[in-house]
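K.L.:
Need coordinates for the following:
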Amino acid sequence: MRISLLIPILLLVALVNVAFGQSIGLTVDTTKPGPKIHRHIFGQFAEHLGTGVYEGIWVGKDSKIPNTRGIRNDVVNALRALKVPNVRWPGGCFADEYHWRNGIGQKRGVTLNPTWGGVIEPNTFGTREFMDFLDQIGSEAFLSVNLGSGTVNEAADWIEYITSEQQTDLAKQRAGNGRPAPYKIPFLGIGNESWDCGGNMTPDFYLSQLKMYARFVRNFNPAQSGDQQMLRIAVGPGGGEQRFVDWTETVMKGWKARQWSWDIEGLSLHNYTVINWEKKHSSVDFGEKEYAEILKKTLEINNLLDTHIGIMDKYDPEKKIALVVDEWGAWYAPMPGSNPGFLVQQNSQRDGILAAINLNIFARRADRIRMANIAQMVNVLQAMILTDKEKMVLTPTYHVFKMYVPFQDAAFVPVSFDAGTYGHAGIALPRVDAIAGKDKNGKLWLAVTNLDANRVADIDLKALGMTATSASGETLTAPKVDSINTFDRPRTVAPKPVSARTQNGALILNLPARSVTVVSVD
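P.N.:
Numbers count the residues shown, from 1 in each chain. Below is the predicted model of the structure:
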């Protein structure tokens, strides 16, 4: 009789554990602060592609959409809340066909954008407009110069035009176009994907070009010297295949053997979460299987980073060269009815979780990864913001970036936990992921992602080196893994307040299924 009663009780306990999630121990060690999580890993990317710039940012001074000098106010206000550290512009593949003189002055050159949809490029959003946009959102410039179809001289002239304080002809031209004072350019990308759309170059040929651009494309702003100097970022790998391993080897070996006359401070890396380039996953109306497949794929960046960081460590053990992941994110099939060259896709709770996973991965390698740029900022690929004429909506990815603002320039703090396992359709994933950091004021922040699509997770939180008595912040979850925000229903996926509860002297943080949670710990 006792046995027969015990079995239903055990089954009931098991069902409760499945439904409510078993407690997961998580320890934050505040006695061992690590490297700085550079704010620049939260960078953005704006390419002349689809409606990413035209409509998404630039509507023109005469537009009925509220704007400041042609730049739409709603987008600016939303981006200011993210404290965007840098914006990469004008591309991307577009950068290697961009000729900057078409985008200055009163009369702009009207050209084509053959890479992205074959549409007209009016060049009404050029150098001055981009710099004005940065001022409005409180960000810094990451310029990509045209190494593919341009020349060293063209790139050198552009940076002189932008940065020279001395009254050269180019500086006078800038003043005549409305900007007497020089601009600052903190970051310079020397080419883009030169192994593919940027010129199909061999590693050795690119290295020969890199040396010339790094030598002659100079920043003349007197405020940019010493630790404020412009950082030059070389084209790096786009995958883990042998040709990309050879590329990283060639550039890093060349840098190691460099002469005094040239240098770089960064090496880029591009990685998109794509399973099949010929038949990409949909960004809408998918199920748990597709959710798990995409998250498994995005986690593969761990091995990719370790491969190329290993090569960098061989030639640069002091980690002088930053790894700059200046294109990353999910790339799905174009939305039905859209121009395939515009890369229009929706943004779901899956993408919010994907964003958190990648940001955590970058943070754990903060000693080498000191900059990153998600692709892209508005209306393209894994965007922060979607617009349709005068309408605007914030995506789940936007909300994750906003929740992660406290980690900008925070000191990395070690976290230990049993990640557990979430499984579906034969795919095994970690159930939870977490990072922690101390901000400039000494406040401890914890970010925990529950990848499990079905089970809540109770986190049993302990903090070494401090007495933790409370934790509060926000959590982002959604009714389904494919839930999205639309112009009609803009808050289907939106952060909600969350607090830890105390239980037997411990802090217990309840994580909903398929969620991202960020809390401050006091």
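
K.L.:
So which residue is smack in the middle of the protein?
P.N.:
Taking CA atoms, centre = their mean, the centroid of the chain lies closest to I374, which sits 2.7 Å from it.

K.L.:
wait, that residue sits on A46?
P.N.:
No: no contact is recorded between I374 and A46 when judged using CB atoms under 8 Å, the distance being 11.0 Å. Yep, even glycine has a C-beta here, placed from its N, CA and C like the rest.

K.L.:
domains of this structure?
P.N.:
20-33+413-521, 39-408 (automatic domain parsing).

K.L.:
Give me whichever of these is most buried.
P.N.:
The highest mean neighbour count among the domains of the chain belongs to domain 39-408 (a mean of 19), with neighbours defined as mean count of other CB atoms under 10 Å.

K.L.:
if we can go back for a sec, now do the residue nearest to the centre of the chain against D326, distance only.
P.N.:
If you measure I374 against D326 using CB to CB, to the nearest Å, the figure is 9 Å.

K.L.:
can you tell me the helix or strand for V28?
P.N.:
Applying DSSP states H and E as the criterion places V28 in strand 23-29.

K.L.:
for that strand, packing partners?
P.N.:
In this structure, strand 23-29 packs against strand 415-417, strand 432-438, strand 444-450, strand 457-464, with contacts taken as 3 or more CB pairs under 8 Å, 6 or more residues apart in numbering; DSSP states H and E.

K.L.:
will you turn the ones you listed into TSV that also has mean pLDDT and distance to V119?
P.N.:
Output for the helices and strands packed on strand 23-29, formatted as TSV (pLDDT from 0 to 100; distance: least, CB to CB, whole Å):
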stretch	mean pLDDT	distance to V119
strand 415-417	97	47
strand 432-438	98	40
strand 444-450	98	38
strand 457-464	95	47
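
K.L.:
can I get these in JSON lines with distance to Y291?
P.N.:
Conversion of the helices and strands packed on strand 23-29 to JSON lines gives the following (distance: least, CB to CB, whole Å):
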{"stretch": "strand 415-417", "distance to Y291": "22"}
{"stretch": "strand 432-438", "distance to Y291": "15"}
{"stretch": "strand 444-450", "distance to Y291": "13"}
{"stretch": "strand 457-464", "distance to Y291": "17"}
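
K.L.:
Of all those strands, which one is nearest I264?
P.N.:
Among these, strand 432-438 comes nearest to I264, with 28.1 Å by CB to CB.

K.L.:
mind listing what that closest one pairs with, with the direction of each?
P.N.:
Paired neighbours of strand 432-438 in the sheet (DSSP bridges): strand 410-413 (antiparallel), strand 444-450 (antiparallel).

K.L.:
Need the residues that contact that strand.
P.N.:
For strand 432-438, contacts defined as CB atoms under 8 Å, 6 or more residues apart in numbering pick out 24, 26, 28, 30, 33, 37, 356-357, 359-360, 363-364, 406-407, 410-415, 417, 419-420, 444-452, 457, 459, 511.

K.L.:
where's it relative to the chain centroid, distance-wise?
P.N.:
The offset between the C-alpha centroid of strand 432-438 and the centroid of the whole chain comes to 17 Å, using CA atoms, centre = their mean, to the nearest Å.

K.L.:
May I have the secondary structure class of E290?
P.N.:
Classification of E290 by DSSP: H, G, I helix; E, B strand; the rest coil places it in helix.

K.L.:
residues contacting it?
P.N.:
Applying CB under 8 Å, 6+ apart, we find E290 in contact with H281, S282.

K.L.:
Local confidence estimate at it?
P.N.:
E290 carries a pLDDT value of 98.

K.L.:
can you list the weak-confidence ranges in this protein?
P.N.:
Within the chain, the set of residues satisfying pLDDT under 70 comprises 1-22.

K.L.:
in what helix or strand does N510 lie?
P.N.:
In this assignment (DSSP H and E), N510 forms part of strand 506-511.

K.L.:
helix or strand right after that strand?
P.N.:
Past strand 506-511, heading to the C-terminal end, the next element that is a helix or strand (DSSP H and E) is strand 515-521.

K.L.:
Neighbouring strands - and their directions - for that following strand?
P.N.:
When pairing is defined by DSSP bridges, strand 515-521 lines up against strand 444-450 (antiparallel), strand 471-476 (antiparallel).

K.L.:
Make JSON lines out of the ones you listed and add distance to G191.
P.N.:
Conversion of these to JSON lines gives the following (distance: least, CB to CB, whole Å):
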{"stretch": "strand 444-450", "distance to G191": "34"}
{"stretch": "strand 471-476", "distance to G191": "36"}
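
K.L.:
Go through those and name the closest to R368.
P.N.:
Shortest distance between R368 and the strands paired with strand 515-521, using CB to CB, is found for strand 444-450: 20.2 Å.

K.L.:
Just give me how far that closest one sits from the chain centre.
P.N.:
18 Å.

K.L.:
Of the strands paired with strand 515-521, which is nearest G70?
P.N.:
If you check each of the strands paired with strand 515-521 against G70 by CB to CB, strand 471-476 wins as the nearest, at 32.8 Å.

K.L.:
Not counting the closest one itself, show me its contacts.
P.N.:
Defining contact as CB under 8 Å, 6+ apart, one finds that strand 471-476 is touched by 349, 352, 396, 399-400, 403, 445-446, 461, 493-500, 507, 509, 511-512, 515-522.

K.L.:
With stretch 495-515 instead?
P.N.:
Contacts of stretch 495-515 from elsewhere in the structure, counted by CB under 8 Å, 6+ apart, are 21, 23, 291, 349-350, 353, 399, 402-403, 432, 448-462, 468-478, 481, 517, 519, 521.

K.L.:
repeat that with 6 Å
P.N.:
Counting by CB atoms under 6 Å, 6 or more residues apart in numbering, stretch 495-515 makes contact with 349, 399, 448, 450, 452-461, 468, 471-477, 481, 517, all of which sit outside it.

K.L.:
And for stretch 405-412?
P.N.:
Under the contact criterion CB under 6 Å, 6+ apart, stretch 405-412 has outside partners 33-37, 39, 42, 83, 366, 437-439, 445.

K.L.:
Output that stretch as PDB, nothing but the C-alphas.
P.N.:
Coordinates of each C-alpha in stretch 405-412 appear next as PDB, following Å, rounded to 0.1, in the frame of the first residue of the first chain:
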ATOM      1  CA  VAL A 405      23.400  49.000 -21.300                       C
ATOM      2  CA  PRO A 406      24.700  48.600 -17.700                       C
ATOM      3  CA  PHE A 407      27.400  46.200 -19.100                       C
ATOM      4  CA  GLN A 408      29.000  48.900 -21.300                       C
ATOM      5  CA  ASP A 409      32.500  49.300 -19.900                       C
ATOM      6  CA  ALA A 410      31.700  47.200 -16.900                       C
ATOM      7  CA  ALA A 411      34.400  44.900 -15.400                       C
ATOM      8  CA  PHE A 412      33.700  41.300 -16.200                       C
END
